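A.B. asks: Can you look at this prediction? I've put the sequence above it.
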Amino acid sequence: MDYHLLKSVKKFDEFYKIDKSIRKNWERFQMGGLNVESVRDEIIHSWNRSKQNGINPFERTKSPSMVLHLLNEKRDKNRILLDAAVPILQDFFQRNSDLVWDLVDPEGTVLETIANSRYMQEAENINCVPGQNFSEASIGTNATGIALMEKKTIQVFAAEHFVQELQPYVDTASPIRDPFTGQLVGILHMTSDKNVVLAHDISLIEMKKNQIEHGIGTRIVDENIFIFKNLFESIQEPYILFDNKGTILRCNEAAQYVLLAQVGRSLFDVLGISSIENKWDKNLLLGMQELLRMKDGSEWKIEFLPYKREGTVQGGMAIFQKNRSIQPIINKPKKPTRYEFSDILTQEPSMYKVLQLSKKAAFSEKTILLIGESGTGKELFAQSIHAYGPNNTKPFVEVNCGAIPKELIASELFGYEGGAFTGAKSKGHKGKFLLADQGTIFLDEIGDLPLEVQVYLLRVLEERTVLPIGGDRPIRIDVRVIAATHKDLELEVKEGRFREDLFHRLNVIPIRIPALRERKGDIPQLTRFFLDQYKEGLEPQKLEPEVMEVLLRYPWPGNVRQLKNMIQRMIFTSNGLSIRMDDLPNELELERNRSDKEFTPAQLNNNNQCESTNYLKNQIDKDLLIQTLKETNGNISETARILQTSRVTIYKKIKKYQLS
């Protein structure tokens with residue numbers, strides 16, 4: 001913020017010159033002069049308003065302060081403001097008592113004053129004490145009065161005050177706002193003698209104001225814990241925060257795209273439901289749920305939650321959730337995707353962040369690049385992003401760039417005219433980009449795209465047109481591109497296998513999907529899901545705890561896809577309702593031992609230790625195993641530790657030697 005625009009004294013070596021100039025302009029104004037020079041517009045406008053309000057600049061009428069019981073009522077009404085601000089101001093006052101601090105409510109009433117004894121006496125002499133009103137209508141031009149009128153931080157210096165007895169001072173005022181709704185909750189007012197240097201520091205009052213707003217925010221969250229819990233849990237669903245007149249104060253991107261909501265619009269106009277406005281007028285709306293049908297046929301459940309401050313309803317929050325229980329309306333287009341974000345199972349914070357970013361990206365037309373190892377679910381994310389966005393009924397066309405022969409990839413992507421080459425269809429062929437017009441094209445394994453085709457793709461992304469092979473007229477398209485790769489494209493660029501300009505075109509919104517070994521907390525949930533999904537008409541099977549321990553320790557190089565296939569195999573080979581250690585595939589043990597070297601080298605001292613561990617594992621004979629089991633009272637984990645092998649190996653040896 002350029003604080004110089006908010007004050008008159010910008011350099012203290014010009015202090016007396018400015019003081020004298022303002023004084024002359026003030027005198028000229030009071031004598032009816034209209035040609036006032038070098039006075040800020042905010043001050044001139046305030047002087048005119050003060051004059052219109054009948055304020056006497058020479059002998060201010062000392063209006064009586066508010067009676068104590070009414071003042072206390074106002075203090076109670078503004079308790080959050082006082083509780084947040086007073087400790088902050090008192091703490092500063094202990095270190096510097098040259099300043100007077102006032103807390104003022106939105107009507108201009110002084111609620112609290114923090115000052116030393118000398119300034120308090122002066123304040124009482126000019127009736128600037130708690131209970132007094134600092135609006136322009138009461139005391140003429142002053143910082144608080146202008147801040148209330150213009151809703152911004154302002155400083156008023158010396159003779160800029162309309163009333164003469166206030167001219168020995170410089171005062172600064174800054175609006176304090178509800179940090180969530182932006183509504184005015186009060187004014188922070190700072191004043192002192194005009195020659196006190198610190199009193200001219202606007203950045204000081206801004207800093208204290210920000211601290212106070214933070215404190216207010218903390219208290220408001222405590223008072224509205226339910227509404228904020230809903231907000232944080234559904235942050236990517238449409239939500240609208242509105243005041244007690246129904247005016248929209250804040251809304252997220254989802255609400256802007258889906259509902260065309262905008263700050264300042266009426267909630268009732270956005271929703272187009274007059275019955276809601278009637279219920280609002282009768283205070284029947286808050287706490288209720290309504291159904292809203294959109295033009296595309298989708299229905300949304302709307303929950304209205306009251307937003308309170310100081311125990312008083314200041315407005316509310318409308319939280320929108322798609323009503324998935326209803327049947328599609330007649331002629332409603334079918335979604336072209338199989339998956340939605342609800343199909344992505346996770347309890348890991350790292351995945352929650354990826355989901356939030358993906359949901360936000362769903363409402364953007366910018367190119368998305370999904371980065372992740374094979375089996376992490378890149379296709380699942382691509383389909384979910386399309387399904388979540390505003391064009392979810394439009395085409396979703398998937399292309400695996402690594403599965404199409406090199407000589408056919410260009411014609412598959414961009415199409416061709418009839419007779420364009422030997423073997424071409426006489427009527428030509430629509431390419432994938434044209435099929436995806438108005439929707440989304442998903443370019444899977446983009447890192448496998450041949451260099452000669454990359455040039456063509458770059459031109460399509462830049463010009464938003466497609467020229468079919470053999471054609472002479474470009475066709476304009478409107479397609480959102482989602483690309484995916486398991487490769488390190490930056491490395492591919494360095495080694496000349498991928499164009500750098502195309503990489504930057506694709507990498508506008510990069511979304512990295514964590515490998516399963518980076519989100520092992522999801523393995524139990526995913527395992528339960530797959531066990532239920534592939535139970536083949538039987539009761540869902542359970543895993544013995546030892547089996548789950550192996551699954552949690554395994555590094556899963558094939559990620560979720562490998563876990564799914566492994567669960568299917570264990571279901572097939574198992575007998576009964578439990579999957580036991582005996583049902584573990586042999587390669588799971590072998591892969592886990594190999595992965596100890598690849599993925600967790602910190603657990604091993606050196607390669608010699610690995611070799612010695614494998615040697616000991618193979619040399620565990622029956623007698624040694626029996627003796628160690630006796631010493632550990634049958635504790636498998638302790639036995640494995642002593643024999644320097646895994647629990648899986650111990651179980652296999654027990655089975656081999658037929659020990660019970």
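C.D. replies: Great, that's in hand.
A.B. asks: contacts for stretch 245-263?
C.D. replies: 180-183, 235-243, 264-268, 270-271, 277, 280, 294, 315, 320, 359-360, 363, 389-390 (Cβ atoms under 8 Å, 6 or more residues apart in numbering). All C-beta spots, glycine's among them, are computed from the backbone N, C-alpha and C.
A.B. asks: Out of those, which end up buried?
C.D. replies: Buried members of these, scored by 16 or more other Cβ atoms under 10 Å, are 180-181, 183, 236-243, 265, 267-268, 270-271, 277, 280, 315, 320, 359-360, 363, 389.
A.B. asks: Domain parsing of the chain, as residue ranges.
C.D. replies: With domains defined by the TED database, the chain comprises 12-221, 235-322, 341-512, 518-593, 622-657.
A.B. asks: Just to check, Ile567 is in contact with Leu531?
C.D. replies: Yes. At 6.2 Å, Ile567 counts as touching Leu531 under the criterion of Cβ atoms under 8 Å.
A.B. asks: Which one's more surrounded, these two?
C.D. replies: Neighbour totals were compared for Ile567 and Leu531, and Ile567 leads with 22 against 18 (other Cβ atoms under 10 Å).
A.B. asks: how close does the more buried one sit to Gln533?
C.D. replies: 9 Å (Cβ to Cβ, to the nearest Å).
A.B. asks: Also Gly145?
C.D. replies: From Gly145 across to Gln533, the span is 68 Å (Cβ to Cβ).
A.B. asks: okay, those two: which has more neighbours?
C.D. replies: Neighbour count, other Cβ under 10 Å: between Gly145 and Gln533, Gly145 has more, with 29 against 13.
A.B. asks: Was I right to think that one contacts Gly108?
C.D. replies: Yes. Between Gly145 and Gly108 there is a contact under Cβ under 8 Å: 7.1 Å.
A.B. asks: hang on, the earlier thing: could you dump the domains of the chain into JSON lines with mean pLDDT added?
C.D. replies: Putting these into JSON lines (pLDDT from 0 to 100) gives the following:
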{"stretch": "domain 12-221", "mean pLDDT": "89"}
{"stretch": "domain 235-322", "mean pLDDT": "73"}
{"stretch": "domain 341-512", "mean pLDDT": "88"}
{"stretch": "domain 518-593", "mean pLDDT": "81"}
{"stretch": "domain 622-657", "mean pLDDT": "75"}
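A.B. asks: list the buried ones in stretch 400-419?
C.D. replies: Buried residues in stretch 400-419, counting neighbours by 16+ other Cβ under 10 Å, are found at 401, 404, 409-417.
A.B. asks: which of the residues you listed lies closest to Phe341?
C.D. replies: Cys401 (24.8 Å; Cβ to Cβ).
A.B. asks: My guess is the closest one contacts Ile409. True?
C.D. replies: Yes. Contact criterion Cβ under 8 Å: Cys401 and Ile409 qualify, at 6.7 Å.
A.B. asks: where do the strands sit along the stretch 201-350 of the chain?
C.D. replies: For the stretch 201-350 of the chain, the strands defined by DSSP state E, counting those that start in this stretch cover 239-243, 248-251, 289-293, 299-309, 312-322.
A.B. asks: Deepest-packed of these, please.
C.D. replies: For the strands of the stretch 201-350 of the chain, the largest average neighbour count (mean count of other Cβ atoms under 10 Å) is found in strand 239-243, namely a mean of 23.
A.B. asks: ok, Pro510 - how many residues close by?
C.D. replies: Residues lying near Pro510 (other Cβ under 10 Å) number 14.
A.B. asks: What of Val110?
C.D. replies: For Val110, using other Cβ under 10 Å, the count is 24.
A.B. asks: can you list contacts of the particular helix or strand that has it in it?
C.D. replies: Counting by DSSP states H and E, the element that carries Val110 is strand 110-114. For strand 110-114, contacts defined as Cβ under 8 Å, 6+ apart pick out 71, 74-75, 78, 81-82, 85-86, 89-90, 93, 100-105, 120, 123, 128-134, 186, 189.
A.B. asks: Filter the residues you listed down to just the ones in strands.
C.D. replies: Applying DSSP state E to these, the entries found in strands are 100-104, 186, 189.
A.B. asks: mind listing the strands in the stretch 551-660 of the chain by residue range?
C.D. replies: Going by DSSP E, counting those that start in this stretch, the stretch 551-660 of the chain shows strands at 578-579.
A.B. asks: Check the gap between Lys656 and Ile248 for me.
C.D. replies: Distance from Lys656 to Ile248, by Cβ to Cβ: 71 Å.
A.B. asks: nope, Glu150 is what I meant
C.D. replies: 23 Å.
A.B. asks: cool, and Leu355?
C.D. replies: Leu355 is 26 Å from Ile248, by Cβ to Cβ.
A.B. asks: do His45 as well
C.D. replies: In terms of Cβ to Cβ, His45 sits 29 Å off from Ile248.
A.B. asks: now swap in Met207 and tell me
C.D. replies: 30 Å.
A.B. asks: Same check on Phe529?
C.D. replies: Relative to Ile248, and taking Cβ to Cβ, Phe529 is found at 39 Å.
A.B. asks: residue contacts, Phe433?
C.D. replies: Taking Cβ under 8 Å, 6+ apart as the test, what Phe433 contacts is 413-415, 441, 460, 466, 477, 479.
A.B. asks: Kindly report the same for Glu546.
C.D. replies: Listed by Cβ under 8 Å, 6+ apart, the contact set of Glu546 reads 581, 636, 647, 651.
A.B. asks: again, 6 Å this time
C.D. replies: Counting by Cβ atoms under 6 Å, 6 or more residues apart in numbering, Glu546 touches Met581.
A.B. asks: State the distance from it to Thr527.
C.D. replies: 14 Å.
A.B. asks: Likewise for Ser637?
C.D. replies: 21 Å.
A.B. asks: Between the two, which is the more surrounded one?
C.D. replies: Each of Ser637 and Thr527 has its neighbours counted (other Cβ under 10 Å); Thr527 has more, 21 against 12.
A.B. asks: nearest spatial neighbour of Glu160, skipping sequence neighbours?
C.D. replies: Nearest residue to Glu160 in three dimensions, chain neighbours excluded: Ile43, at 4.9 Å (Cβ to Cβ, 6 or more residues apart in numbering).
A.B. asks: oh, I was asking about Gly217
C.D. replies: Pro179 (4.1 Å).
A.B. asks: and that neighbour, that one's in a helix?
C.D. replies: No. Using DSSP: H, G, I helix; E, B strand; the rest coil, the assignment for Pro179 is coil, not a helix.
A.B. asks: Show the backbone phi and psi for it.
C.D. replies: When read as degrees, to the nearest 10, the backbone of Pro179 gives phi -70, psi -10.
A.B. asks: Please tell me I have it right and it contacts Gly215.
C.D. replies: No. Using Cβ atoms under 6 Å, Pro179 is not in contact with Gly215; the gap is 9.6 Å.
A.B. asks: how about the strand holding Val110 as CSV, C-alpha atoms only?
C.D. replies: Extracted in CSV, the C-alpha atoms of strand 110-114 (Å, rounded to 0.1, in the frame of the first residue of the first chain):
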residue,chain,number,x,y,z
VAL,A,110,-16.2,5.2,20.9
LEU,A,111,-16.3,1.9,22.8
GLU,A,112,-12.9,2.0,24.5
THR,A,113,-10.0,4.4,24.8
ILE,A,114,-6.4,3.5,25.8
